[in-house]
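Engineer: sequence plus the predicted model coming up.
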Amino acid sequence: MNLRGFLLVPAGAAMLAGLDAALQMLDLPAPVATDRLPQVHGMLMVLAFVGTLISLERAVALRRRAALAAPALLGTGGLLLLSPAPLVCGRIALVLGAAALVGVYVPLWRRQRDDAVLVQALGAVLATGAAALWLGGVAMPLLVPWLVGFVVLTIGGKRLELARIAMGPAAGSTLVLLSSMIAAAVGLALLVPRAGSVLLGVALLALTGWLARHDVARHTVRGDGAARFMALGMLGGYFWLAVAAGTWLLGGPATSGARYDAVLHAVFLGFTISMVMAHAPVILPAVLRRPLPYRPHLLAPLALLHASLVVRVWWGDALGSTLAWRAGAAINVAALLGFVGVAAWAATRGAARPPQRVAREVAA
């Protein structure tokens, strides 16, 4: 296993532990049952899992060995959260890892002076803020806007990188403006929750609408193969981001109960994990130097993820069915594990098409 693959191990451990914690919180049988896992579930899934994946991909793009400190620290933070060590140790490691990710964007910016890099760097700043506030004792529900800003700005910047031509010459400045609005709303939501949450809903809805309108996925979804698979994942992700934005816009702060559950999982499962699935055939080969060819079987866990979110968020959260909420959440876990299994199987079957060709189709 090369160093990049080794750094993915803590991310995988964080994902599995986060899913285990989800089962515990659903009062369903879990392989490991501890009081600690539910406390760290959110940070395991967002910073230790998704954050490690993002920082590893950015380190590979920078092509400097020192940049691997960011995924190493975020992964270590996840492992410390799972260990018997005091929670403060894991929290400190996450702060250092997120700050190191900000540091990765500095030479990337100097190299390119690109709006896409600037937006992603702003997302990393929000991740660092979330980790620092958590270290300072701020409750997890109050940190959700910061973590949402992190994943949304990172993925939005990545979409600009991959589909810049289709988005038009003004895309960069528009994305910077919308991202700045989101960042301002995130800060305001901590100080003035009602006004900040409504503004965040407005800003997120504007960004979602702009991305959905200008993203090449609107056209490639009519194609076939990998391009269509990626487009379905991206368009589905935009739908769930709009659901979260609308929840904040119409109802203000969502810090407990059904609205909190809906916002949390619409963003971090419906948007973030759907985008991870969609980009896996392009991003993972670049990181691991091993092909992940598209196979039609990859559609099954993607479809299962979105169907289970409909059950959880609409039937469970919106209509108040505890049975639907629990069933949908359990199927969420199955969908994510299913994707990992299918992706691993596809990787062992050999390349169907070079990932560079898939990337060109998606950006066309």
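Structural biologist: Structure's in. What do you need?

Engineer: out of everything not next to it in sequence, what's closest to residue 9?
Structural biologist: Spatial nearest neighbour of residue 9, chain neighbours left out: residue 75 (7.5 Å); criterion: C-beta to C-beta, 6 or more residues apart in numbering. (C-beta placed from N, C-alpha, C; glycine too.)

Engineer: OK, contacts around that neighbour?
Structural biologist: Residue 75 makes contact with 7, 9, 10, 11, 14, 48, 52, 97, according to C-beta atoms under 8 Å, 6 or more residues apart in numbering.

Engineer: surely the fourth one is in contact with residue 46?
Structural biologist: Looking back up the chat, that one is residue 11. No: Residue 11 is beyond contact range of residue 46, at 11.6 Å (criterion: C-beta atoms under 8 Å).

Engineer: check which helix or strand the residue nearest to residue 9 maps to.
Structural biologist: Secondary structure assignment for residue 75, by DSSP states H and E: helix 69-82.

Engineer: then that helix to PDB, C-alphas only?
Structural biologist: Taking C-alpha atoms only, helix 69-82 is exported to PDB below (Å, rounded to 0.1, in the frame of the first residue of the first chain):
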ATOM      1  CA  ALA A  69       0.200  16.700   6.800                       C
ATOM      2  CA  ALA A  70      -3.400  17.900   6.400                       C
ATOM      3  CA  PRO A  71      -5.000  14.500   5.700                       C
ATOM      4  CA  ALA A  72      -2.600  12.900   8.200                       C
ATOM      5  CA  LEU A  73      -3.700  15.200  11.000                       C
ATOM      6  CA  LEU A  74      -7.400  15.000  10.200                       C
ATOM      7  CA  GLY A  75      -7.200  11.200  10.000                       C
ATOM      8  CA  THR A  76      -5.300  11.100  13.300                       C
ATOM      9  CA  GLY A  77      -7.900  13.300  14.800                       C
ATOM     10  CA  GLY A  78     -10.500  10.800  13.900                       C
ATOM     11  CA  LEU A  79      -8.500   7.900  15.400                       C
ATOM     12  CA  LEU A  80      -8.000   9.900  18.600                       C
ATOM     13  CA  LEU A  81     -11.700  10.500  18.900                       C
ATOM     14  CA  LEU A  82     -12.200   6.700  18.700                       C
END
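
Engineer: figure out how far the helix or strand just after it is from the centre of its chain.
Structural biologist: Next along the chain after helix 69-82, taking DSSP H and E as the criterion, comes helix 87-112. The gap between the average C-alpha position of helix 87-112 and the chain average comes to 17 Å, counting by C-alpha atoms, centre = their mean, to the nearest Å.

Engineer: do the same with stretch 125-141
Structural biologist: The answer for stretch 125-141 is 17 Å, by C-alpha atoms, centre = their mean.

Engineer: ok so, going back, which one's more surrounded, residue 11 and residue 46?
Structural biologist: For residue 11 versus residue 46, neighbours defined as other C-beta atoms under 10 Å are more numerous around residue 46 (27 against 23).

Engineer: count residues in the vicinity of the closest residue to that one other than its chain neighbours, would you?
Structural biologist: The spatially closest residue to residue 46, leaving aside those adjacent along the chain, is residue 147, at 4.8 Å (C-beta to C-beta, 6+ apart). By other C-beta under 10 Å, 28 other residues sit near residue 147.

Engineer: contacts only, for residue 147.
Structural biologist: For residue 147, the contact set (C-beta under 8 Å, 6+ apart) comprises 42, 46, 47, 126, 127, 130, 268.

Engineer: tabulate those (a markdown table), appending pLDDT.
Structural biologist: Output for the contacts of residue 147, formatted as a markdown table (pLDDT from 0 to 100):
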| residue | pLDDT |
| --- | --- |
| 42 | 95 |
| 46 | 98 |
| 47 | 98 |
| 126 | 98 |
| 127 | 98 |
| 130 | 98 |
| 268 | 97 |
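
Engineer: what segments of the stretch 251-364 of the chain are helices?
Structural biologist: In the stretch 251-364 of the chain, helices defined by DSSP state H, counting those that start in this stretch lie at 257-265, 274-288, 299-309, 322-348, 355-363, listed in chain order.

Engineer: quick check: mean pLDDT of the helix holding residue 75?
Structural biologist: Averaged over helix 69-82, pLDDT sits at 97.

Engineer: in it, what counts as buried?
Structural biologist: Buried residues in helix 69-82, counting neighbours by 16 or more other C-beta atoms under 10 Å, are found at 69-82.

Engineer: now the two most distant members of those.
Structural biologist: Greatest spacing in the buried residues of helix 69-82, by C-beta to C-beta: 69 and 82 (20.4 Å).

Engineer: in contact with the spatially closest residue to residue 193 that is not a sequence neighbour, which residues?
Structural biologist: With sequence-adjacent residues excluded and distances taken as C-beta to C-beta, 6+ apart, residue 193 is closest to residue 253, at 4.3 Å. Residues in contact with residue 253 (C-beta under 8 Å, 6+ apart) are 189, 193, 194, 197.

Engineer: mind giving me JSON lines with the residues you listed and columns for pLDDT?
Structural biologist: Below are those laid out as JSON lines (pLDDT from 0 to 100):
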{"residue": "189", "pLDDT": "96"}
{"residue": "193", "pLDDT": "95"}
{"residue": "194", "pLDDT": "95"}
{"residue": "197", "pLDDT": "97"}
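
Engineer: how close does residue 31 sit to residue 17?
Structural biologist: Plainly put, residue 31 is 10 Å away from residue 17 if you go by C-beta to C-beta, to the nearest Å.

Engineer: hmm, I typed the wrong one, I wanted residue 11.
Structural biologist: Distance, residue 11 to residue 17, by C-beta to C-beta: 11 Å.

Engineer: who touches both of those two?
Structural biologist: residue 78.

Engineer: what does stretch 193-208 rub up against?
Structural biologist: Contacts for stretch 193-208 (C-beta under 8 Å, 6+ apart): 145, 148, 152, 156, 175, 178-179, 181-182, 184-190, 238, 241-242, 244-250, 252-255.
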